[in-house]
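1. Take this sequence and fold it.
(chains A and B)
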Amino acid sequence: MELATFGAILGFALDLEEQRASFYEASAQGDVPALFEELTRGARKRLARLERTRREGVAEMILEPISGLLADQYQPDVTPSGDQAGLLQQAIALEETVLRFYRQAADKMPVREVARTFSRFAEETERHLQDLQAHQS
Amino acid sequence: MESRSDETLDVTNPATAEVIARVPLSTAEEVAEAVNAAKEAFTTWRETPPYTRARYMFRLKNAMEEQFEELARSVVLEHGKIIDEARGEVRRAIENVEVACGIPTLMMGYNMEDAAAEIDEECWLQPLGVFCCVAPFNFPAMVPFWFMPYAVTCGDTYVVKPSEVCPISQNLLFELFDEIDMPPGVVNLVNGDKRAVDALLEHPDLRGLSFVGSTAVGRQLYAKAAANGKRAQIQAGAKNCLVVMPDAVLDSTVAAIMTSAFGTAGQRCLAGSLVLAVGEVYEPLRDKLVTVASKIKVGDGMDESVQMGPVASKKALSRVLSYIEKGLAEGATLLLDGRTTKVEGCPNGYFVGPTILDKVTPQMTVARDEIFGPVLGIIRVEDLAEAVEIINGSMYGNAASIFTTNGKWGREFKYRVKAGNLGINIGIAAPIASFPFSGMKDSFFGDLHGQGLDGIQFFTDRKVVISRWF
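-> Model prediction:
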């Protein structure tokens, strides 16, 4: 499905963060609970930021169609499975998907403030990836 | 308070045709009670310091932010527009509240020492009393907020009569006034139809009216307001042209035209409903408009992926369909036919898809009348001068836009066109809250428009004090 409207993109981002939060919450066990708990909190904060962005970023003057962003390309596996190593691997794959989504959505989004929020989320996600990879090694 | 009226109207969800509420039609007696309550509240409200009045607006803004999604969803349910458009509408309502928060500065008067020998002169802005708004169905949450926040922060008191077709969001917004502890009588809501409007305009204590709606009704209300000695700002109908020059950036231009012509299913007074294609741009523009418009996803506005909702009522649907028929009968050709649009899961909805008529001439009914639906006509013109002549030949003067990369054409356009809201590479020339929502010719009756400083002027009197001390 193409994410062709402002609301569809923001709605998808909200769903993605909801899934992230649930995944990390359910996976916070073993040696990496602190990091996973931090990522859960981060996802919850993002939800609030995205809600605010959706409220404040919409402007009827620029509700022009957006093209080229396909929801199917950003569907991470968010059902926790396997041991700790497996969960870490799953988290890395999840963050890679999220990173790709925010980068591409920032490029497509015509509303500058919203694009900036997405870019900031992408930068944060890059740091999360580094943290997860550090735990993996 | 509950209406005592035993007359009600059904409010339907245009996407499903289901009845979602029943609105009482307030009696003349109830309208008088609302104006009387506003008059009584005025005495103390006008003495309330502007800083305090502004604080109510800060609270209102916060309450609206908290209820943002609920408000937007209520607009979708009652009107049918898509959720993003509804969010944009609620946002603009909030922006007007934000501008009105600046009232301690906005309503400062001015003065001059030594206007004559040892004489000083000052000008105060003072509130007048009770004002009202008669709102249309197409922006049910936003339109009263073009006026009410300014009136109330200026120290006036207010009565809103929302559209009887879409009254829900305004009723929800009035619940927020209770939440923020607005003093009783400062803002009041009456539901109803023409009889309620007549009762408002005939009430001796009403000082002024803000109206948004059709030119035919607006003209009558303007005359009636004048006859009854009331101020009036009447924002009326429109027929807005979008001029596309041969050097326009085609992809961006077409995207802007899509939202202008088909956003809110064409039911806005800023909708571009005629494309004036200049010279050789005609063919590529026509083809691209059809290609892009045919991909617009029509459906229930609650679905985030939908790009265009239904029209607001069965009556509106019949009206739009009859205009398409009329266009064809008068010689236009149909490039894209929205009459056959069906939406899965919404068999009874008032849907008409994006429709594009070609070979339209300025004399045709579809080029002269406000259709208020997702119907875009294309007229081929030779040059900018011909385009301007067509725009200026219209009885309306609400909005017009030009798409070009040439600054000289842009300047020529903004200098010559007789319309109140102009766009240069903008599809919907909607003034933000601190600017007046303009309009000319039969698109506006009055002197001072809604929003911004015009609002402050409309809702205040100027008192000049000349003083000398012996």
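
2. List the buried residues of the host helix or strand of A:L50.
-> Per DSSP states H and E: A:L50 is located in helix A:33-57. The neighbour-count check on helix A:33-57 (16 or more other CB atoms under 10 Å in any protein chain shown) flags A:35-36, A:39-40, A:42-44, A:46-47, A:50, A:53-57 as buried. From N, CA and C alone the C-beta is placed, and that goes for glycine too.

3. Buried residues of the next helix or strand after it, list them for me.
-> Note on helix A:33-57: by DSSP H and E, the next helix or strand toward the C-terminus is helix A:84-108. Buried residues in helix A:84-108, counted by 16+ other CB under 10 Å: A:87-88, A:90-92, A:94-95, A:97-99, A:101-106.

4. Report pLDDT for the closest residue to chain A within the stretch 51-200 of chain B.
-> Closest residue of the stretch 51-200 of chain B to chain A, CB to the nearest CB: B:G88 (3.5 Å). pLDDT for B:G88: 94.

5. and the residue most central in space within chain A, what does it touch?
-> Here the mean C-alpha position of chain A is nearest to the C-alpha of A:V98 (CA atoms, centre = their mean), at a distance of 4.1 Å. Counting by CB atoms under 8 Å, 6 or more residues apart in numbering or on different chains, A:V98 makes contact with A:L16, A:R20, A:Y74, A:P76, A:F121, A:T125.

6. Let me know the closest of these to chain B.
-> A:L16 (13.7 Å).

7. Next, that closest one: secondary structure please.
-> Following DSSP: H, G, I helix; E, B strand; the rest coil, A:L16 is assigned to helix.

8. And the contacts of A:V98, which is closest to B:E121?
-> Nearest to B:E121 out of those is A:F121 (CB to CB; 57.6 Å).

9. Quick one: neighbours of that closest one, just the number.
-> The local packing of A:F121 (other CB atoms under 10 Å in any protein chain shown) involves 25 other residues.

10. So the nearest residue to B:N406 once chain neighbours are set aside, which state does it fall into?
-> Spatial nearest neighbour of B:N406, excluding adjacent residues (CB to CB, 6 or more residues apart in numbering or on different chains): B:D247 at 5.6 Å. Three-state assignment for B:D247 (three-state DSSP): coil.

11. Pull up the per-residue confidence for B:D247.
-> 98.

12. what does A:A28 give?
-> At A:A28, pLDDT is 82.

13. now do A:V111
-> Per the predicted model, pLDDT is 86 at A:V111.

14. B:D287 - how many residues pack around it?
-> For B:D287, the neighbour count with other CB under 10 Å is 12.

15. go on, the one 4 residues further on?
-> Other residues lying near B:T291 total 11 when counted by other CB under 10 Å.

16. Can you tell me the element the closest residue in space to B:Y282 that isn't next to it in sequence falls in?
-> Closest residue to B:Y282 apart from its sequence neighbours, by CB to CB, 6+ apart: B:R380 at 4.6 Å. Using DSSP H and E, B:R380 sits within strand B:375-381.

17. List the buried residues of that strand.
-> In strand B:375-381, counting by 16+ other CB under 10 Å, buried: B:V375, B:L376, B:G377, B:I378, B:I379, B:R380, B:V381.

18. Stretch B:87-101 too?
-> Residues B:87-101 are the ones in stretch B:87-101 that count as buried (16+ other CB under 10 Å).

19. Return the residues of chain A in contact with chain B.
-> A:1-8, A:11, A:54-56, A:58-65 (CB under 8 Å from any CB of the partner chain).

20. go with 7 Å
-> Selection of chain A residues close to chain B by CB under 7 Å from any CB of the partner chain yields A:1, A:4-8, A:11, A:54-55, A:58-61, A:63-65.

21. Where do the helices of the stretch 1-150 of chain B begin and end?
-> B:28-45, B:50-66, B:68-79, B:83-100, B:103-106, B:148-154 (DSSP state H, counting those that start in this stretch).

22. what stretches of the stretch 1-150 of chain B score poorly on pLDDT?
-> Within the stretch 1-150 of chain B, no range satisfies pLDDT under 70.

23. re the thing from before, JSON lines for the buried residues of strand B:375-381, including pLDDT?
-> What follows is the buried residues of strand B:375-381, written out as JSON lines (pLDDT from 0 to 100):
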{"residue": "B:V375", "pLDDT": "98"}
{"residue": "B:L376", "pLDDT": "98"}
{"residue": "B:G377", "pLDDT": "98"}
{"residue": "B:I378", "pLDDT": "98"}
{"residue": "B:I379", "pLDDT": "98"}
{"residue": "B:R380", "pLDDT": "98"}
{"residue": "B:V381", "pLDDT": "98"}
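
24. and chain B, what are its domains?
-> Chain B breaks down by automatic domain parsing into domains covering B:8-236+B:443-467, B:240-424.

25. picking up where we left off before, show me which of the buried residues of helix A:33-57 is closest to B:G407.
-> Distances from B:G407 to the buried residues of helix A:33-57, taken as CB to CB, are shortest for A:G57 (29.7 Å).
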